[in-house]
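A.B. asks: Would you be able to build a 3D model of this:
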Amino acid sequence: MKNFPFILKAVIIISLLFSACKTGMENQIVGKWKIDEMHIQYYQQQQEYGESQMKMLQDSMSKTTDTAKVHTYQSQIQQIQDQMQAFTSNRDSALKNNSWEFQEEGKFIATEAEGPRDGLWSYDEKLGMLFTVIDKQTSSVKVKFTKDTMILQLDSVNYMKFTPIKK
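C.D. replies: Sure, this is the predicted structure:
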């Protein structure tokens, strides 16, 4: 019975140490990251759709001698090219300028085109899921690491790869 207070203290201290220690994955997540690569199927489909629309318009234009129709087709092709260029510029800007910072104790800062936004993050080791809350919007993704690259698997085909920002 004399050892009971000592044992109780030891159990409490050990429990606190284990609860205070982050998992290996959480330690890997903590830091500032930039988007290195995005694979979003919707964006690829939009690109392919724009290219097929331009090809159809070019085929139609080559088969007509009506200058009014040729002008209309050229105008439509230019409009599609402008839309595709704007899309590509937005994607490239996101790749270049966005960063995510996972801080200790579950704090999160997403720096994007709209400016920095604060949020919260947590990692569920059993599920292998990263959970974030930004502006009252929740998100959850599978996360894994390959060397120093963090891969967020958005669903079965879409993913984002992040690399650390060196200080």
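
A.B. asks: Longest helix in this protein, please.
C.D. replies: Longest helix in the chain, counting residues (DSSP state H): helix 67-97.

A.B. asks: Tell me the buried residues in that helix?
C.D. replies: 73, 76-77, 80, 84 (16 or more other CB atoms under 10 Å). Glycine gets a C-beta too; all of them are placed from N, C-alpha and C.

A.B. asks: Same question for stretch 38-45.
C.D. replies: So for stretch 38-45, counting by 16+ other CB under 10 Å, buried means residue 38.

A.B. asks: Touching that stretch from outside, list them.
C.D. replies: 87, 91, 94-95, 154, 157-161 (CB atoms under 8 Å, 6 or more residues apart in numbering).

A.B. asks: for those, which one is nearest residue 114?
C.D. replies: Distance ranking of the contacts of stretch 38-45 against residue 114, using CB to CB, places residue 94 first at 11.4 Å.

A.B. asks: Double-check that closest one against residue 113; I have them as touching.
C.D. replies: Yes: assessed by CB atoms under 8 Å, residue 94 is found in contact with residue 113 at 7.2 Å.

A.B. asks: Return the per-residue confidence for residue 27.
C.D. replies: pLDDT for residue 27: 88.

A.B. asks: actually residue 159, sorry about that
C.D. replies: On the pLDDT scale, residue 159 gets 94.

A.B. asks: Now do the contacts for it.
C.D. replies: 38-39, 151-153.

A.B. asks: Please list the members of these that lie in strands.
C.D. replies: 38-39, 151-153 (DSSP state E).

A.B. asks: Closest one to residue 132 out of the residues you listed, please.
C.D. replies: residue 152 (9.9 Å).

A.B. asks: what about stretch 69-81, distance to the chain center?
C.D. replies: 34 Å (CA atoms, centre = their mean, to the nearest Å).

A.B. asks: all strands for this protein, in order.
C.D. replies: 31-39, 99-102, 107-112, 115-124, 129-134, 137-146, 149-153, 159-164.

A.B. asks: how about stretch 92-101 as CSV, C-alpha atoms only?
C.D. replies: Output in CSV follows, covering the C-alpha atoms of stretch 92-101 (Å, rounded to 0.1, in the frame of the first residue of the first chain):
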residue,chain,number,x,y,z
ASP,A,92,-0.5,27.5,-62.3
SER,A,93,-1.0,30.4,-59.8
ALA,A,94,-2.4,27.9,-57.3
LEU,A,95,0.6,25.7,-57.7
LYS,A,96,3.0,28.6,-57.3
ASN,A,97,1.4,30.7,-54.6
ASN,A,98,-0.7,28.4,-52.3
SER,A,99,0.8,27.0,-49.1
TRP,A,100,-0.6,25.1,-46.2
GLU,A,101,0.9,25.3,-42.7
